[in-house]
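Enquirer: Prediction below, plus the sequence it came from.
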Amino acid sequence: MVASLDIEALAKRYLLFVTRSLKVGGAEHQFVLTCLKMKEKGFPVKIVSFYKGGPLEEKARGHGIEVTVVGKKGRWDVFPFLRKTFSIIKNERPLLVYSYLGAANIVCALFKLLNPGVKLIWSFRASQMDLTLYDPTWRIERAIMKFLSFVPDKIVANSRAGFSELRRQGYPPSKIRVIYNGFDTWHFRPRREEGVDLRRKWAGESGENKLIGIVARLDPIK
């Protein structure tokens, strides 16, 4: 009877995915896709997002995933934000916390230091970034993560290059696992009619103009 109750209790505990925001971006799409696929496989999933809004928040909710928004007010909203986030995570009593990228990784590591029983996985989605192209806070964030890298139980990189970069920076290799990005091949299937319409819109009715396209965010490293 005790074992049965334990199993029943575990089944009600969620996998808690934590991210900075659910605005449109490649990493953010991967985050939501992972949540959706885990839910499809029968795992109970919830999301905590630091900031409100974005199409991906709507997408997650539309697929029946509960999203809790912390409501961070900006860069300098630190201690009230941390107290609220820690309270949200603690009240969820998650089976496992999966944090996504820098700010979320740091916040969840601090939570685990105060609550050592929680299982924590960090996620990294980049390699060999030249941080001199960015705001100094990026370099501070990297230094804090390296300092806290002993905290998570596992660290996920999405490429071999990412794995090598984390090792180069001094992250514990025994904790790092490579899990490649998954893609929804149905979403990216060829749709010729839509392509013809889009080309006509961009190149004109004659379709004689040559087009050069690139898909990326406007970012120094791109």
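Expert: Now that the structure is in, tell me what you want to look at. Numbers count the residues shown, from 1 in each chain.
Enquirer: how about the helices of the chain, start to end?
Expert: Using DSSP state H, the helices of the chain run over 2-11, 26-40, 55-62, 79-92, 102-114, 136-147, 160-169, 192-203.
Enquirer: In contact with the residue most central in space within the chain, which residues are there?
Expert: The chain has residue 100 as the residue nearest its centroid, 3.4 Å off, counting by CA atoms, centre = their mean. Contacts for residue 100 (CB atoms under 8 Å, 6 or more residues apart in numbering) come out as 17, 18, 19, 20, 27, 31, 123, 125. Yep, even glycine has a C-beta here, placed from its N, CA and C like the rest.
Enquirer: Can you tell me which of the residues you listed end up in strands?
Expert: Cross-referencing those against strands under DSSP state E gives 17, 18, 19, 123.
Enquirer: What is the burial count for the second one?
Expert: In terms of burial, residue 18 registers 29 neighbours under the definition other CB atoms under 10 Å.
Enquirer: my guess is it contacts residue 101, does it?
Expert: No. The pair residue 18 and residue 101 fails to qualify as a contact (CB atoms under 8 Å) at a distance of 9.7 Å.
Enquirer: does residue 14 really touch residue 92, like I thought?
Expert: Yes. Between residue 14 and residue 92 there is a contact under CB under 8 Å: 6.0 Å.
Enquirer: out of the helices of the chain, nearest to residue 179?
Expert: helix 26-40 (9.2 Å; CB to CB).
Enquirer: mind saving the C-alpha coords of that closest one as PDB?
Expert: What follows is helix 26-40, C-alpha atoms only, in PDB (Å, rounded to 0.1, in the frame of the first residue of the first chain):
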ATOM      1  CA  GLY A  26      15.300  29.300 -32.200                       C
ATOM      2  CA  ALA A  27      16.200  28.300 -28.700                       C
ATOM      3  CA  GLU A  28      12.800  29.200 -27.500                       C
ATOM      4  CA  HIS A  29      11.100  27.100 -30.200                       C
ATOM      5  CA  GLN A  30      13.300  24.200 -29.100                       C
ATOM      6  CA  PHE A  31      12.300  24.800 -25.500                       C
ATOM      7  CA  VAL A  32       8.500  24.600 -26.300                       C
ATOM      8  CA  LEU A  33       8.900  21.700 -28.700                       C
ATOM      9  CA  THR A  34      10.700  19.700 -25.900                       C
ATOM     10  CA  CYS A  35       7.900  20.500 -23.500                       C
ATOM     11  CA  LEU A  36       5.200  19.500 -26.000                       C
ATOM     12  CA  LYS A  37       6.900  16.200 -26.800                       C
ATOM     13  CA  MET A  38       7.400  15.300 -23.200                       C
ATOM     14  CA  LYS A  39       3.700  16.000 -22.600                       C
ATOM     15  CA  GLU A  40       2.800  13.800 -25.600                       C
END
